[in-house]
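Novice: coordinates only, sequence not included:
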């Protein structure tokens, strides 16, 4: 029995000379396979870490939505400016005439007489003679 106790003491000591924790030994001298530890659910720990994670995600989503709304507002302002500019450019504006380019080259004004119109003579003597000849040849005449 003494030998067994000595062996147990040797088992509990480390080769470095430090003593390890003694394991629990029951009345028969058998060691327990596991040491009982206090039990605690990790749901409360997980809930706390999840809450922290959800806050971070919510903060990121909020900042992203703010950026998107700012970008959309800026884009709308830009489109309005662009539409105003396009409408302004599409309206036709009269250009002033450059009078320097319209001066006469020679510098003199030529005065000529206007042309008087003459009426055409459709019944000339030669045509009348031709018609008379043709009407004699054909019965019933030309017309």
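Specialist: That came through, no problem. Note that the coordinates shown come from a computational prediction; the quantities given were computed from them, not determined experimentally.
Novice: beyond whichever helix in the chain runs longest, next helix or strand please.
Specialist: The longest helix of the chain (DSSP state H) is helix 43-90. The C-terminal neighbour of helix 43-90 among helices and strands, as given by DSSP states H and E, is helix 125-137.
Novice: mind listing what's buried along that next one?
Specialist: For helix 125-137, the neighbour count (16 or more other C-beta atoms under 10 Å) marks no residue as buried. Where C-beta positions appear, they are placed from N, C-alpha and C, glycine not excepted.
Novice: can you read off the pLDDT for the spatially most central residue of the chain?
Specialist: Of all residues in the chain, the one closest to the mean position by C-alpha atoms, centre = their mean is residue 75, 9.5 Å from it. Here, the pLDDT recorded for residue 75 equals 97.
Novice: now do the SS call for residue 27.
Specialist: Judged by DSSP: H, G, I helix; E, B strand; the rest coil, the three-state class of residue 27 is coil.
Novice: the bottom helix or strand of this structure by mean pLDDT?
Specialist: Across the helices and strands of the chain, mean confidence by mean pLDDT, DSSP states H and E is lowest for helix 2-12: a mean of 50.
Novice: and the longest helix of the chain, how far out from the chain middle?
Specialist: Helix 43-90 sits 15 Å away from the centroid of its parent chain (C-alpha atoms, centre = their mean, to the nearest Å).
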